[in-house]
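Undergrad: here is a sequence together with a model predicted from it:
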Amino acid sequence: MNHPESALSRRQFHLCALGGLSAVLVGDAEAAPPGPWATPARVRKAYIAVPKPTWPRPTIDVEGTRAEIEARLVEVERRHPNLVQFTGGELVRTMEDAARWVTQLDGQDIDANLVVTITSGSDGMVQAIGKSGLPTLLFLRPYAGHAWATFSGFAQAGNKAEVLASSSYDDLDLYMRIFNTIHQVRKSRIIVVVPGSKPSRESEQFAKQFGVEFRYMTYPDLAAAFNRADEKLAAREAERYAKGALRVVEPKQDQIFRALRFYLGVKELLARESANGITIDCLGGINRRELPGYPCVAWSKLNDEGLYGVCQADLQCTMTQLLLTPFSGKPGYVFNPVFDTSRNEILHTHCVAPTTMHGVGGTAAPYILRTHLETNDGVSVQVLLPIGETVTVGKFDSARRFMVSTAEVTGNADSAEGCRTQIRTKVKDARKMLANFKGGVHRVTYYGDYVDAIERMGRLMGFEVIHEM
């Protein structure tokens, strides 16, 4: 698996993990203050040992061993100060202790549990903590008991649980990023704008499973945000954005101005609502003339900044980005697949794409300003995305199931048909993927291979991972 920091400086990665790169804006635009997601995850520790040990040896110094492990975990926390804050660290020795420990979770705003066994005979106590309902990681060093056997089955039964059996504390580093991802998802607030502005069953399921909040708003709310945006600032941003493009093909100056004013308005709306993402019924709003500007540029820029702008009120893709952007430190590209089985290819096409696919706040890819293809109006972005790299393609198709695959990017396409940004990708077996395709058209692309991490997140967060191919 590619390490998320390979394409980011350490400072950039930790800023993204905090949501702090929402502050990276062009020109004169002001940064939104960090929201509740922009804090370290709170993870409560428990050490488990029976009163009279036998395994790993009857003479084990339980308190001394706990102190040694505690010192090592302090070092883990020190390496990831912006990702995780450990709490607790009590020694649990009986089932009564475990029950009391779980009761004390109430009111502590804990994101996950880290359970470390010291002796055998700890299975029941570990499961009691796992049954708290919080994501629970069991960490066992060699010879530290056999609770992995029963807790692995507990995880396989769909509980939010994972087992790490290792002599290396460095293997916990991956989970520090996962814990922070759990925290960011749980503390996120997403604005949704659709006709009727009423919560859906799907949004309720995602909220129940992950803790994310969806705030439903109206098209007049978007128009009001657009009107509040400073016209002079929007004009400067529009001029700067157009000058930064390789070229401007169809859009007129006023269309670019309206697109950037819409972006500034949405930024202010997110800050006003303490939200970090937005998804709207954009095509419907455009066709009904309820949107004052095309949102394509706004979504591209928000995703570049570590926030979330998602097309077509797609909650599944929004949740996919909420999962993978905090973990990877990179924005996601929502796209429509176009199959060409004769070439074993899938083209990823859309009129919205981020420019900083290698890392939020990083170097931008070249872009061209175009109209939105399906309406031949407004402004969209044709981004020349990186080639010759592995990408992870994924999507929640429900709150309990995640579809994933990988592909190799072979080039950018420039067809007069299909959406503006297009990349060609080689897949393992396009025919099988087409025959078994399900869960709606959209998918989300991330540069790098995150399949293993997604599987671990699935176990800790309680969703099944399906390999599309």
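TA: Nice, I can see it. Residues are numbered from 1 along each chain as shown.

Undergrad: how about the strands in the stretch 301-450 of the chain?
TA: Assigned by DSSP state E, counting those that start in this stretch, the stretch 301-450 of the chain shows strands spanning 308-310, 333-340, 345-350, 367-372, 377-383, 390-398, 401-412, 421-426, 443-447.

Undergrad: show me the contacts for the closest residue to Val334 other than its chain neighbours.
TA: Closest residue to Val334 in three dimensions, ignoring its sequence neighbours and counting by CB to CB, 6 or more residues apart in numbering: Cys317, at 4.8 Å. Using the backbone N, CA and C atoms, a C-beta is placed for each residue, glycine as well. Listed by CB atoms under 8 Å, 6 or more residues apart in numbering, the contact set of Cys317 reads Thr279, Val310, Cys311, Gly332, Val334, Lys395, Phe396, His442, Arg443, Val444.

Undergrad: give me the lowest-pLDDT entry from those.
TA: The lowest pLDDT within the contacts of Cys317 belongs to Cys311, with 92.

Undergrad: from Asn376, how far off is Gln104?
TA: The gap separating Gln104 from Asn376 is 61 Å, by CB to CB, to the nearest Å.

Undergrad: compare these two (neighbour count), which wins?
TA: Neighbour comparison, Gln104 and Asn376: the larger count goes to Gln104, with 13 against 9 (by other CB atoms under 10 Å).

Undergrad: tell me the contacts of that one?
TA: Applying CB under 8 Å, 6+ apart, no residues contact Gln104.

Undergrad: after the helix or strand of the chain with the lowest mean pLDDT, next one along is what?
TA: When the helices and strands of the chain are scored by mean pLDDT, DSSP states H and E, helix 10-17 comes last with a mean of 42. Next in sequence after helix 10-17, counting helices and strands by DSSP states H and E, comes strand 41-48.

Undergrad: tell me the buried residues in the helix or strand following that next one?
TA: Where DSSP H and E defines the elements, the next helix or strand beyond strand 41-48 is helix 62-79. Neighbour-count burial for helix 62-79 flags Val62, Thr65, Arg66, Ile69, Leu73, Val76, Glu77 (criterion: 16 or more other CB atoms under 10 Å).

Undergrad: residues touching the residue nearest to the spatial centre of the chain, list them.
TA: When CA atoms, centre = their mean is applied to the chain, the residue found nearest the centroid is Leu323 (2.5 Å). By CB under 8 Å, 6+ apart, Leu323 lies in contact with Thr181, Val185, Phe396, Phe402, Ile454, Met457.

Undergrad: what of Thr325?
TA: Going by CB under 8 Å, 6+ apart, Thr325 touches Cys16, Asn303, Gly306, Tyr308, Pro331, Gly332, Val360.

Undergrad: I figured the fourth one hits Ile190, correct?
TA: Yes - taking CB atoms under 8 Å as the definition, Tyr308 is a contact partner of Ile190 at 7.0 Å.

Undergrad: now the common contact residues for those two.
TA: Asn276, Gly277, Ile278, Thr279, Thr318, Leu322.

Undergrad: want to throw the residues you listed into TSV with distance to Glu389 and neighbour count?
TA: Compiled in TSV, the shared contacts of Tyr308 and Ile190 are given as follows (distance: CB to CB, whole Å; neighbours: other CB atoms under 10 Å):
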residue	distance to Glu389	neighbour count
Asn276	27	27
Gly277	26	24
Ile278	29	28
Thr279	27	26
Thr318	24	28
Leu322	23	25
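
Undergrad: quick check, nearest of these to Phe257?
TA: Using CB to CB, Ile278 is the member of these that lies nearest Phe257, at 20.5 Å.

Undergrad: quick one: neighbours of the residue nearest to Ile118 when sequence neighbours are not counted, just the number.
TA: Closest residue to Ile118 apart from its sequence neighbours, by CB to CB, 6+ apart: Ala49 at 3.9 Å. The criterion is other CB under 10 Å. On that basis, Ala49 has 24 neighbouring residues.

Undergrad: and for the one 4 residues further on?
TA: Around Pro53 there are 20 other residues, counting by other CB under 10 Å.

Undergrad: what do you get for Asp452?
TA: 10.

Undergrad: what kind of secondary structure is it in?
TA: helix (DSSP: H, G, I helix; E, B strand; the rest coil).

Undergrad: for the one 3 residues further on, same thing?
TA: Taken by three-state DSSP, the conformation at Glu455 corresponds to helix.

Undergrad: distance from stretch 192-209 to the middle of the chain?
TA: 18 Å (CA atoms, centre = their mean, to the nearest Å).

Undergrad: quick thing: my sequence starts at 338, can you match it?
TA: Fine by me, first position is 338 from now on; the one you just mentioned is stretch 529-546.

Undergrad: name the surrounding residues that touch it.
TA: 549-556, 558-559, 615-618, 621-622, 650, 652-653, 656, 733, 735-737, 798-800.

Undergrad: let's see that with 7 Å instead.
TA: Here stretch 529-546 makes contact (CB atoms under 7 Å, 6 or more residues apart in numbering) with 549-551, 553-556, 559, 616-618, 621, 650, 652, 656, 736-737, 799.

Undergrad: ranges for the helices of the stretch 388-537 of the chain?
TA: 399-416, 432-440, 460-467, 484-493, 510-524 (DSSP state H, counting those that start in this stretch).

Undergrad: what of the stretch 588-737 of the chain?
TA: Under DSSP H, counting those that start in this stretch, the stretch 588-737 of the chain gives helices at 590-609, 619-624, 633-641, 652-665.

Undergrad: list the residues that contact the residue nearest to Ile455.
TA: Contacts of Ala386 by CB under 7 Å, 6+ apart are Val399, Leu428, Arg430, Ile455, Thr456, Ser459.

Undergrad: can you select the buried ones from the residues you listed in ChimeraX?
TA: The following ChimeraX line selects those of those that are buried, judged by 16+ other CB under 10 Å:
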select :399,430,455,456,459
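
Undergrad: quick check, nearest of the contacts of Ala386 to Asp677?
TA: The closest of the contacts of Ala386, once distances to Asp677 are taken by CB to CB, is Ser459, at 54.2 Å.

Undergrad: confidence score at that closest one?
TA: As predicted, Ser459 sits at a pLDDT of 96.

Undergrad: doesn't Gly482 make contact with it?
TA: Yes - contact criterion CB atoms under 7 Å: Ser459 and Gly482 qualify, at 5.2 Å.
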